[in-house]
Structure formats: C-alpha cells, structure tokens
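Undergrad: sequence and predicted structure are below.
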Amino acid sequence: MGSSYTEFRDKGFWSCDGLLEVWLRLLSLHLKGDVYTPGWQHDLRDRWLCISGVGISGCIHAALDEFLTDEERIGIVLEASDHCAKKLRAFGKSIPAATLNLLGLEDLFTEDISVAWVELIADRFSTLLRGELTTDAKTSPVLPFTRHGQTWDELRKQ
C-alpha cells in the first residue's frame, strides 16, 4: 500500500492511501449545501469521489489549496469533517468490510478496519484545515504510524 501527502498552506501529513481514500470518500458524502449544482463544492466533491475510487497509489491529491480559498469554504469542509467523524464513532471499534465495500472504492475490503485509524486521518485533516498542524512533508510520519504508542503493525492486529 502506498502513501500520499495531504497539504494545505505549506503544512500537511502523510497517510496510507487506503485510509485516505476511505476518509475522502466518507467526507465527500457528508458535504452539505451546493454539491449538486455547479460550483466549488460540486467540483470538490466530484474530485474526492474520483480520486478515492480509482486506487492510485501514492498520488492522492486532495487539492485543498485549490478549493479552500477562504474561511467560509474552510468552515464548510470542517463542518462536514466534524459531522463525518461523529458518524464514524457510531460503528464502535471497527467499520465492517461489507459497509466499506458499499462505498464504491477500487479495492474490495476483506477485513474490517479500525475506526481509530480513520479517526486519526480525520483528526489530522481537521487540524490541518484549522491551521494547527505543524508538520510538513519532511516531518510527518506516515499515518497511522502510531496511535496511543502503538506501531502500525500492532494497530493492524486489532
């Protein structure tokens, strides 16, 4: 599995492609407002749906700088991000593979995935949009590198 860098205003984080694809797919489905009429929300949603569904390793570009050009747009995406993160927690410890396979992603899931993994991506994504993330391409680990002191291999066994 490859990894991609999600950047906004010269800061960002690396993450495993599969988890980033799940996050962007879920987030695109939680955008509210003008996603069905021409405009930036429609274009952003289409972009995220497209890049999260083709299985391109190492090349997932969320295009945040291109679309989130003012505080209103950032706020709309942050609201969707917060809403989506709350919905994730309703699954409990893991998201069933059968549910993930309904999202239309390129790869089929054969195992459930930990909600904690996707929450980590969601948290970094929101922190990035709020301007609170301090890592860049050189200083960010590839997430989920650690979660509560666990290594990636330990997380995968949960």
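TA: That came through, no problem.
Undergrad: ranges for the strands of the chain?
TA: Ranges of strands within the chain are 3-8, 11-16, 94-95, 113-114, 142-143, based on DSSP state E.
Undergrad: I'd like those as a markdown table, with mean pLDDT appended.
TA: A markdown table is the format used below for the strands of the chain (pLDDT from 0 to 100):
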| stretch | mean pLDDT |
| --- | --- |
| strand 3-8 | 94 |
| strand 11-16 | 94 |
| strand 94-95 | 94 |
| strand 113-114 | 90 |
| strand 142-143 | 86 |
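Undergrad: Val77 and Pro38, how far apart?
TA: Distance, Val77 to Pro38, by Cβ to Cβ, to the nearest Å: 18 Å. Every residue, glycine included, has its C-beta placed from N, CA and C.
Undergrad: got it, and Gly2?
TA: 32 Å.
Undergrad: which one's more surrounded, those two?
TA: Neighbours were counted for Gly2 and for Pro38 using other Cβ atoms under 10 Å; Gly2 has more, 14 against 8.
Undergrad: hang on, that one packs against Trp14?
TA: No: judged on Cβ atoms under 8 Å, Gly2 makes no contact with Trp14 at a distance of 10.3 Å.
Undergrad: return the helix or strand in the chain with minimum mean pLDDT.
TA: helix 152-156 (a mean of 47; mean pLDDT, DSSP states H and E).
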